[in-house]
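A.B. asks: Any chance you could fold what I've pasted below:
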Amino acid sequence: MFMKRFFSFKNWWRKFSLQTRLMLTATLIVSIVMSGITLWTVDSIQKDTKLNDTRFARDLGLLFAANVNPLVFEKQRSELAHLTERFYNSTASIRYIILLDDEGEIYYGIPFSAQEVQNSLQLKEYIQFKNLSHSFPLIKNSSNLDSTEIIDIFVPLKYLDKHLGFVIIGINPNPTLINFSNLTKEITIAVFVSIWLMLILGAAFNALTITQPIKELLVGVKNITAGNFGQRIDLPFGGELGELITSFNQMAERLEKYEKQNIEELTSEKVKLDTLVTTIADGAILLNPSLEIILANPIAQEIFRWNKNSIIGKNIEELLPLSMKTSLSPVFTFLLDIRENKEMRSFQQEFIFFSNQKEQKSIRIFLTRVFDQSQTKIQGIAVTIQDVTKEAELNQAKSQFISNVSHELRTPLFNIKSFIETLEDYEESLSKEQRREFLQTANKETNRLTRLVNDVLDLSRLESGNQYNDDYIEITQIISEILRSYQISAQYKNIRLSTEVENNLPLLKINYDLIMQILANLISNAIKFTYLNGSIVIRVFTINRALLNNKKSKLRIEISDNGVGIDKKDYLIIFDRFSRIENQVHILEGTGLGLSIVQNILERYKSKMFLNSELGIGSTFWFDLLL
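C.D. replies: Residues are numbered from 1 along each chain as shown. Predicted coordinates:
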């Protein structure tokens with residue numbers, strides 16, 4: 001068993017390097033020697049302390065005996081007791097005092113009674129000393145029943161060469177001496193552990209200050225060997241190690257400069273290119289083989305919101321938006337590899353990104369390889385950027401408009417076709433009432449289709465810039481005509497139409513058909529979204545110049561209802577084409593073009609629509625027209 005453990009330790013020991021084994025051996029020897037010296041020093045101090053305690057005990061016994069000898073000789077027991085008690089109380093280290101006669105019988109003891117002392121097993125052992133020589137004090141270390149150490153002093157009592165008996169004084173040892181033994185062990189262990197702890201801390205410090213930099217240098221050398229000349233080591237060290245790191249960084253910097261020499265011809269033409277690309281209408285960027293920006297014209301800087309002074313020399317992948325970088329990074333790699341598809345010289349792709357938090361841009365990017373004169377070596381990549389934001393917006397608007405119109409046309413056409421086919425296929429089985437209902441529904445869908453086509457035509461005419469003749473008209477007359485037109489629709493839902501029109505209103509210069517179309521759209525919407533038994537109020541009044549800071553007076557027209565109301569989040573979208581808040585419930589008819597037409601008409605008169613609404617309470621639409 002012992003041999004097995006020995007060989008295991010031997011194999012474990014061999015795993016360490018020679019330097020480590022020597023260091024561990026030296027540390028073990030030093031720790032043992034230092035612990036031994038510490039143990040010897042502390043033990044010597046302990047012995048000196050114990051010797052001092054013994055001398056104190058002997059002197060104390062002799063002093064007490066010299067004071068009580070006359071009293072014992074004269075048998076003055078009360079004086080003896082009084083002196084003994086004073087002596088006992090005056091010295092805190094005295095444990096007890098016992099007086100024995102020449103025969104060894106105890107006749108006084110403090111703090112014990114004579115009977116208690118006589119019955120003590122420890123004291124009976126002391127009494128055996130009565131037959132010994134009485135010419136000198138005897139000191140003995142002992143322990144009582146609770147294992148507490150005591151120094152016992154046996155002093156013979158003599159007076160006028162007559163032996164009178166013994167006095168036994170028990171003294172508590174110095175408390176420092178009692179704890180000194182444990183302290184010796186603790187100090188010795190602490191010294192031993194401290195030496196090994198210093199070794200461990202030294203090894204850790206060595207790993208951090210020497211081993212780690214060496215590892216970093218090794219990694220750096222491997223990167224340089226692999227061609228990564230951009231490798232740098234950034235460690236805050238001084239001395240020889242710091243000089244080595246500095247020399248390595250200088251070497252890497254020079255190697256990196258040598259690598260860039262293959263684009264000297266391209267950079268020599270930079271001034272000519274600067275003049276050329278600044279005149280190009282599209283954005284232009286020139287990259288070296290490391291994808292660092294050599295040149296970027298003002299158009300490219302404007303498209304990407306770049307600062308010219310901070311982009312030259314930077315890698316373009318660090319400056320591009322994330323989505324664009326993800327798509328172009330593999331393309332850059334592909335184009336820079338001359339081995340890949342030598343016939344492919346360019347690449348084209350379109351992107352959409354946000355140049356800031358609000359502005360969205362659509363761009364078309366062309367990437368073209370730049371070769372040297374021999375057409376065998378790639379010198380970089382030329383990037384051309386076209387801003388197609390307006391083109392994309394127009395295409396999107398056109399697609400959205402066609403999609404919306406198609407959707408709005410398809411629904412009534414499908415309904416008309418369905419009811420007509422049903423009448424054709426089941427005419428004989430349908431009752432007269434059912435046929436009438438089907439025809440009414442088809443007619444209703446036809447009217448809806450007609451309204452949609454008319455709205456689209458109206459919107460198209462408005463946007464085409466056609467001229468409309470304006471005349472001076474009385475707005476009160478227009479209001480009366482509108483009320484008569486929609487009186488039947490309002491009565492069908494038992495809605496009360498009322499007006500609040502200011503007296504003596506001035507004439508308004510506006511196209512009759514356009515103002516009728518504005519009011520018709522607003523009132524029809526109010527009737528559509530007002531509950532049964534509701535009310536709609538039309539208000540017309542002037543806003544004087546004092547309120548407008550001496551500007552021209554305006555005529556304000558308001559249409560208020562107590563209908564369903566509009567959520568604030570829908571305020572902006574309700575003026576978009578084909579936008580209908582009733583899309584959420586799909587129960588109300590409409591083309592979604594009415595408010596868009598109104599807004600377009602008002603823009604012709606340099607005005608716009610305002611809205612104030614709360615869900616469940618109602619809405620108020622108003623606009624101002626110059627007088």
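A.B. asks: quick one: Asn533 and Tyr492 touch, right?
C.D. replies: No: contact between Asn533 and Tyr492 fails when scored by CB atoms under 8 Å: they sit 11.9 Å apart. Every residue, glycine included, has its C-beta placed from N, CA and C.
A.B. asks: pLDDT at Lys568, what is it?
C.D. replies: On the pLDDT scale, Lys568 is placed at 77.
A.B. asks: Now do the contacts for the closest residue to it other than its chain neighbours.
C.D. replies: Nearest non-adjacent residue to Lys568, counting by CB to CB, 6 or more residues apart in numbering: Ser613, 7.8 Å away. Taking CB atoms under 8 Å, 6 or more residues apart in numbering, we find Ser613 in contact with Gly565, Ile566, Lys568, Tyr571, Ser619, Thr620.
A.B. asks: can you give me the strands in the stretch 151-300 of the chain?
C.D. replies: Applying DSSP state E, counting those that start in this stretch to the stretch 151-300 of the chain gives strands spanning 162-171, 283-287, 293-296.
A.B. asks: Let me know which of those is the nearest to Glu391.
C.D. replies: Comparison of the strands of the stretch 151-300 of the chain against Glu391 by CB to CB identifies strand 283-287 as nearest, at 15.2 Å.
A.B. asks: circling back to that earlier point, going through the contacts of Ser613, which ones are buried?
C.D. replies: Gly565, Ile566, Ser619, Thr620 (16 or more other CB atoms under 10 Å).
A.B. asks: For my notes, confirm the last one occurs in a strand.
C.D. replies: Read that as Thr620. Yes: if the criterion is DSSP: H, G, I helix; E, B strand; the rest coil, then Thr620 is within a strand.
A.B. asks: Distance of it relative to Val331?
C.D. replies: According to CB to CB, to the nearest Å, Thr620 stands 56 Å off from Val331.
A.B. asks: Any regions of the stretch 301-450 of the chain where pLDDT drops low?
C.D. replies: Across the stretch 301-450 of the chain, the ranges flagged by pLDDT under 70 are 338-345, 353-359, 393-394, 396-412, 448.
A.B. asks: Dump the strands of the stretch 151-300 of the chain to a markdown table, plus distance to Tyr486 and mean neighbour count.
C.D. replies: Listed next are those as a markdown table, based on distance: least, CB to CB, whole Å; neighbours: other CB atoms under 10 Å:
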| stretch | distance to Tyr486 | mean neighbour count |
| --- | --- | --- |
| strand 162-171 | 124 | 20 |
| strand 283-287 | 56 | 23 |
| strand 293-296 | 62 | 22 |
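A.B. asks: Of all the ones you listed, which one is nearest Pro156?
C.D. replies: The nearest among those, by CB to CB, is strand 162-171 at 6.0 Å.
A.B. asks: Each with direction, which strands does the closest one pair with?
C.D. replies: strand 94-100 (antiparallel), strand 149-159 (antiparallel) (DSSP bridges).
A.B. asks: contact partners of that strand?
C.D. replies: By CB under 8 Å, 6+ apart, strand 162-171 touches 53, 56-57, 60-61, 64-65, 68-69, 72-73, 93-102, 104, 123, 126, 129-130, 134, 150-158.
A.B. asks: Which residue or residues pair with Ile559 through a beta bridge?
C.D. replies: Beta-bridge partners, per DSSP bridges, of Ile559: Ile538, Phe621.
A.B. asks: so it makes contact with Phe529?
C.D. replies: No: counting by CB under 8 Å, Phe529 is not a contact partner of Ile559; they are 11.4 Å apart.
A.B. asks: elements contacting the helix or strand Pro70 falls within?
C.D. replies: Take DSSP states H and E as the rule and Pro70 turns out to sit in helix 18-73. Packing partners of helix 18-73 (3 or more CB pairs under 8 Å, 6 or more residues apart in numbering; DSSP states H and E): helix 77-90, strand 94-100, strand 138-143, strand 149-159, strand 162-171, helix 175-206.
A.B. asks: Quick one: mean pLDDT for it?
C.D. replies: In the prediction, helix 18-73 has an average pLDDT of 75.
A.B. asks: and it with strand 149-159, angle?
C.D. replies: Interaxial angle, helix 18-73 versus strand 149-159 (axes from the mean of the first three to the mean of the last three CA atoms, to 10 degrees): 30 degrees.
A.B. asks: okay, the angle between helix 18-73 and helix 77-90?
C.D. replies: 160 degrees.
A.B. asks: Show me where the stretch 401-550 of the chain has its strands.
C.D. replies: 471-473, 496-501, 508-510, 535-543.
A.B. asks: Minimum distance to Asn525: which of the strands of the stretch 151-300 of the chain has it?
C.D. replies: strand 283-287 (46.3 Å).
A.B. asks: contact partners of that closest one?
C.D. replies: 266, 273, 277, 293-297, 299-304, 316, 332, 363, 370, 380-387.
A.B. asks: Show me just the buried residues among those residues.
C.D. replies: Using 16+ other CB under 10 Å as the burial test, the contacts of strand 283-287 include 266, 273, 277, 293-297, 299-300, 303-304, 316, 332, 363, 370, 380-387 as buried.
A.B. asks: Let's have the helices and strands packed on helix 18-73 in a markdown table, adding distance to Arg435 and mean pLDDT.
C.D. replies: Converted to a markdown table, the helices and strands packed on helix 18-73 look like this (distance: least, CB to CB, whole Å; pLDDT from 0 to 100):
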| stretch | distance to Arg435 | mean pLDDT |
| --- | --- | --- |
| helix 77-90 | 135 | 82 |
| strand 94-100 | 132 | 82 |
| strand 138-143 | 129 | 66 |
| strand 149-159 | 128 | 79 |
| strand 162-171 | 135 | 81 |
| helix 175-206 | 100 | 67 |
